[in-house]
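Undergrad: Structure of the sequence below:
(one chain, ligands or ions: 2)
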Amino acid sequence: MNILILGSGGREHAFAWKIKQSPRCDQLFVAPGNAGTMEIATNLPIDVLDFQAIKKAVVNHEIQLVLVGPEVPLVEGICNFFHNDKQLTDVMIVGPEAHAAQLEGSKEFAKDFMFRHQIPTAAYQSFSSDQIGDACRFLETLQPPYVLKADGLAAGKGVLILEDIAEAKAELKNILTDGKFGNAGNKVVIEEFLKGIELSCFVLTDGKNYKILPTAKDYKRIGEGDTGLNTGGMGAISPVPFATPDFLKKVENRIIIPTVEGLKKEEIPFVGFIFIGLMKVGDDPFVIEYNVRMGDPETEAVIPRVKNDWVTLLEATSLGKLNEINLDIDTRAASTVVMVSGGYPEAYKKGEIILGLENVHQSMVFHAGTKEVDGEVLTDGGRVLAITSFGQNYNDALEKSYKSMENIFYKNMYYRRDLGLDLQERM
Ligand code: AMP
Ligand code: GLY
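TA: Ligands and ions are numbered 1, 2, ... in the order given. Presented below is the predicted three-dimensional model:
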């Protein structure tokens, strides 16, 4: 079968690497892809939001299965576009339609959904720009820190956590009336601060059945000791050592089942990945957020552990036959360390030559922001490479990744050397 993956990050390279291992995969395409996907698939220079160009490629290359990596095309309705186009209705596409994608596309939609289905999450209220007074009064009923969330997609930057109420009120105004996050901030969700430790859980659903993929924990802040600005993710480990079987049973019973059943009850078909950002408060799980795609860099640690044939798995998802699948999970741990461009997540330089990739043998090297020019691999983004290794536990896997990274060099490279240390302190 010919397959197309949409996206260009480490997540998409990891998916391509896995799908390529299936004997059922004939030609594999990635749009637009990166220097890593180019080695194992055909990159197509198409923007993930250019639905007409995607259609043309699907028809020309006789593509039968499409996997959508990032959230924006999902929220913009790429799956509706496929389902409604006569030439594309037979193509299997893995991802939710726009309505279901609102679980990620609108914080208010997600919170209201959780409220309707009694799914544990932080207490909240949402406000629009004509409700600043009410919003300030609601803030006064809460204890610091104050959590403000722009309703719409804001590339991971739309959440503010503030200690001081005057600052919280000022930021509220910046978002609601001064366009700090553009249209994403037309509404703001204010919620209670949850104190605990975060982890992510991933569910693959065909709308009726679901499979729970391995858990992961990502490291979001740029600086060691979890300091500094938020990034798209500086590394990830899987499984999460503090996600005990008892805790995961609670996640399944209180969160996953009510989510899948709630979508069914409301007749919102969901085909694809539900990525549930969780806070473990004491021994109980609370939902921080839903995403309607896999995480990046979590995918780079989770997908290598799922031993199933991914063409069969994605096909079953698209055809509503996930009940016929048994997941086969590698019992080893996998850890991913992300190498970034110096300066990220603020301004950084692109186009630096990456050396030494051919000398890495103990780890998987997934490309994130790279491109190939005249046979050389150049940096082309903030997050450049994701180095994944297997190990008996997350630490052993991390050590292997760090060792592999000694072979890699580009100007101004940076990575966190402290991944996993927070967990040792907890043990
Ligand atoms: P989100 O974009 O919803 O993932 O939020 C970004 C980050 O803000 C999360 O990964 C958490 O670290 C933090 N966060 C979001 N909501 C809360 C909350 N209610 N309590 C504590 N931390 C939160
Ligand atoms: N690593 C977090 C995300 O993919 O949203």
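Undergrad: The residue sitting furthest away from the middle of the chain: helix or strand, and which one exactly?
TA: Most distant from the centre of the chain: residue 133, at 34.7 Å, with distances by CA atoms, centre = their mean. Secondary structure assigned from DSSP states H and E places residue 133 in helix 132-141.
Undergrad: Show residues contacting that helix.
TA: Residues external to helix 132-141 that are found in contact with it (CB atoms under 8 Å, 6 or more residues apart in numbering): 125, 127, 146, 165, 168-169, 172-173, 176-177, 188, 190. C-beta coordinates here come from the backbone N, C-alpha and C atoms, glycine included.
Undergrad: Nearest to ligand 2 among these?
TA: In terms of CB to the nearest ligand atom, no member of the contacts of helix 132-141 lies closer to ligand 2 than residue 188, at 19.9 Å.
Undergrad: now the helix or strand that contains that closest one and helix 132-141, what's the angle there?
TA: Residue 188 is located in strand 187-191, with elements delineated by DSSP H and E. Strand 187-191 runs at 10 degrees relative to helix 132-141, counting by axes from the mean of the first three to the mean of the last three CA atoms, to 10 degrees.
Undergrad: how many neighbours does residue 249 have?
TA: Per other CB atoms under 10 Å, the neighbour tally for residue 249 reads 10.
Undergrad: circling back to that earlier point, in strands, which of the contacts of helix 132-141 fall?
TA: Counting by DSSP state E, the contacts of helix 132-141 place 125, 127, 146, 188, 190 in strands.
Undergrad: What's the local residue count around the fourth one?
TA: A count of nearby residues for residue 188, using other CB under 10 Å, gives 28.
Undergrad: now swap in the third one and tell me
TA: As a burial measure, residue 146 scores 23 neighbours (other CB under 10 Å).
Undergrad: what's the closest of the ones in strands among the contacts of helix 132-141 to residue 227?
TA: residue 146 (20.1 Å; CB to CB).
Undergrad: pLDDT value on the nearest residue to the closest one once chain neighbours are set aside, please?
TA: Nearest non-adjacent residue to residue 146, counting by CB to CB, 6 or more residues apart in numbering: residue 168, 4.0 Å away. Residue 168 is assigned 87 on the pLDDT scale.
Undergrad: what's the distance between residue 168 and residue 76?
TA: Using CB to CB, to the nearest Å, we find residue 168 at a distance of 31 Å from residue 76.
Undergrad: try residue 166
TA: Going from residue 166 to residue 76 by CB to CB gives 37 Å.
Undergrad: Comparing those two, which shows the higher neighbour count?
TA: residue 76 (17 against 8).
Undergrad: Look up phi and psi at the more buried one.
TA: Dihedral angles of residue 76 (phi, psi; degrees, to the nearest 10) stand at phi -80, psi 0.
Undergrad: now swap in residue 312 and tell me
TA: phi -60, psi -40.
Undergrad: and the closest residue to residue 344 other than its chain neighbours, how many neighbours does it have?
TA: Using CB to CB, 6+ apart and skipping residues adjacent in sequence, the residue nearest residue 344 is residue 382, 3.5 Å away. Neighbourhood size, residue 382 [other CB under 10 Å]: 21.
Undergrad: ok, now residue 19?
TA: Residue 19, neighbours per other CB under 10 Å, totals 25.
Undergrad: Contact residues of the stretch 151-300 of the chain facing ligand 2?
TA: Proximity of the stretch 151-300 of the chain to ligand 2, by CB under 6 Å from any ligand atom, involves residues 156, 218, 232-233, 291, 295-296, 298.
Undergrad: From the residues you listed, pick the one nearest residue 95.
TA: So of those, ranked by how close each gets to residue 95 (CB to CB), first place is residue 291, at 11.8 Å.
Undergrad: Chain neighbours aside, what residue packs nearest to the closest one?
TA: Residue nearest to residue 291 in three dimensions, not counting chain neighbours: residue 275, with 4.0 Å by CB to CB, 6+ apart.
Undergrad: before we move on, back to that, so which of the residues of the stretch 151-300 of the chain next to ligand 2 belong to helices?
TA: If you go by DSSP state H, those have residue 298 in helices.
Undergrad: Got a ChimeraX select line for the buried ones in the residues of the stretch 151-300 of the chain next to ligand 2?
TA: Applying 16 or more other CB atoms under 10 Å to those, the buried members can be selected in ChimeraX as follows:
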select :218,232,233,291,295,296,298
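Undergrad: gap between residue 162 and ligand 1?
TA: Taking CB to the nearest ligand atom, to the nearest Å as the measure, residue 162 falls 12 Å from ligand 1.
Undergrad: now that residue, nearest residue through space, not along the chain?
TA: residue 168 (4.5 Å).
Undergrad: Where does pLDDT dip in the stretch 151-300 of the chain?
TA: Of all residues in the stretch 151-300 of the chain, none has pLDDT under 70.
Undergrad: wait, I meant the stretch 1-150 of the chain
TA: Looking at the stretch 1-150 of the chain by pLDDT under 70, you get an empty list.
Undergrad: Close to ligand 1: what parts of it are there?
TA: 122, 147.
Undergrad: and whatever residue of the stretch 1-150 of the chain ends up closest to ligand 2, helix, strand or coil?
TA: The stretch 1-150 of the chain approaches ligand 2 most closely through residue 11 (7.6 Å), counting by CB to the nearest ligand atom. When classified by DSSP: H, G, I helix; E, B strand; the rest coil, residue 11 comes out as helix.
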